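A.B. asks: Fold the following for me, if possible:
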Amino acid sequence: MESAQERTVTALLAAVAESGRLEVFRTAHALLELGPAHHAELRAALDGVLLRGVPVPFLRRPLTSHHPDFVPHAVALALGSLLLDPDEFLARRGEGYCYDVPLAVAEAGAEYRGDLAAALWRLVEDPDRPPALRWRAAARLELLGDTERAAAERYLQDAGVSDPQAAPPPLPPDERRDAALRAAVADTWRRIEEYLAGHAPALLDGLAGPADDADIAEAEEALGRPLPVDFAASCRIHRAVDVPGGPVDHLDVADLAEGRDEAVEDGGWDSPDADDEIRRDWGWRPGWIPLAHEGDGSIVALDLDPAAAGVLGQVIYADQGFPDHVVADGWLSVLTDFADALEAGRYRYDEALGELDHRAGPAGPGVSDRPGG
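C.D. replies: Below is the predicted model:
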């Protein structure tokens, strides 16, 4: 004759076998509370749930909070759920919430790296999956190392699976166009310097000397990619800029790679509603080059890896580390907008503070020409 506990277990197992996702979670959790003696029955029931197409990603978090003999099955359930519904359980940038299965499995221990790699590669290699999802799976392989992610991305490229967020190829070399850009940058800096000399001469000290060709080449080698023509031309005039209150500050050209590497290591996030011109992925992209940091953690960055709708070399604003919107289509536009604003009287020099005040002028209080304004 069944005991009361046995009847309870039988009822709970029946509920697991027949219920939807929420009820499965509740009843499975109740069974877990009864201890390891019922783990084998629960594992069999939950395997059946997955076969019914009902995901069971997390009964407890972290996965290692389960009894040790149940952890391997909890990992298997999470990965099985990932394959059932990868769009829900494969996080995008800015959506690294609790349902990100790859991160949870990676944190469960090194012994599950092979299982995680196998599941993500199944998504990468599945021709029936949408291209965007296959590229997301490739990106999450970064949890297993840059080499693994690069291999997955090469696989997709070789298979002719286009990255929906990939930027269009850069413009072919055009010396006449590039010469015009360099001339425009030089003329715009002349306008800015003339204004500062006449209205805020103390700020001229924040304009560093020029970088030479060797400096630019070293920076590009460290970054692993060429600098846009307009930004490189600007650095050949002022290799670093520090004009308090203005929107044109940037690190010394020799420090750009180090600043980028620190941002990558910190692993910035994205905002789910970021402009379409900005790529959404996982972590701070190596193609985002921080130029200036604000006190609240916000960053102005040069985007050398834009989305398909973006422009190579666009300037983006990361609101407290969350890439949010495009400031300008290039560095020349930032310089030009600043020069225009200076000449229009939208900035005034506050001698007491030693900075430009962008809140006063003919355009009225609150007008901002800063990237985040």
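
A.B. asks: separation between residue 223 and residue 312?
C.D. replies: From residue 223 across to residue 312, the span is 13 Å (C-beta to C-beta, to the nearest Å). Every C-beta, even on glycine, is put in place using the N, C-alpha and C of the backbone.

A.B. asks: anything in contact with each of those two?
C.D. replies: The contact sets of residue 223 and residue 312 overlap at residue 304 (C-beta atoms under 8 Å, 6 or more residues apart in numbering).

A.B. asks: gap between residue 309 and residue 133?
C.D. replies: From residue 309 over to residue 133 the distance is 19 Å, taken as C-beta to C-beta.

A.B. asks: These two: who's more crowded?
C.D. replies: residue 133 (16 against 13; other C-beta atoms under 10 Å).

A.B. asks: before we move on, what SS does that one have?
C.D. replies: helix (DSSP: H, G, I helix; E, B strand; the rest coil).

A.B. asks: close enough to count as contact, it and residue 85?
C.D. replies: No - using C-beta atoms under 8 Å, residue 133 is not in contact with residue 85; the gap is 10.7 Å.

A.B. asks: List the buried residues of the helix or strand where residue 44 lies.
C.D. replies: Element membership for residue 44 (DSSP states H and E) is helix 39-51. Residues of helix 39-51 classed as buried: 39, 41, 42, 43, 45, 46, 49, 50 (neighbour count, 16 or more other C-beta atoms under 10 Å).

A.B. asks: before we move on, what about stretch 142-150?
C.D. replies: Here stretch 142-150 shows 142, 143, 144, 148, 149 as buried, counting by 16+ other C-beta under 10 Å.

A.B. asks: ok, so of the residues you listed, who is nearest residue 319?
C.D. replies: Closest to residue 319 out of the buried residues of stretch 142-150 is residue 142 (23.6 Å), distances taken as C-beta to C-beta.

A.B. asks: Now for residue 316, which secondary structure element holds it?
C.D. replies: Assessed by DSSP H and E, residue 316 sits inside strand 314-319.

A.B. asks: Show me what that strand is packed against.
C.D. replies: Here strand 314-319 touches strand 288-293, strand 299-303, strand 322-328, helix 331-343, going by 3 or more C-beta pairs under 8 Å, 6 or more residues apart in numbering; DSSP states H and E.

A.B. asks: my read: residue 324 touches residue 301, true?
C.D. replies: No - the pair residue 324 / residue 301 is not scored as a contact, 10.9 Å apart, by C-beta under 8 Å.

A.B. asks: Residue 65: how many residues sit nearby?
C.D. replies: 10.

A.B. asks: Check what pLDDT it gets.
C.D. replies: Among the per-residue scores, residue 65 shows a pLDDT of 89.
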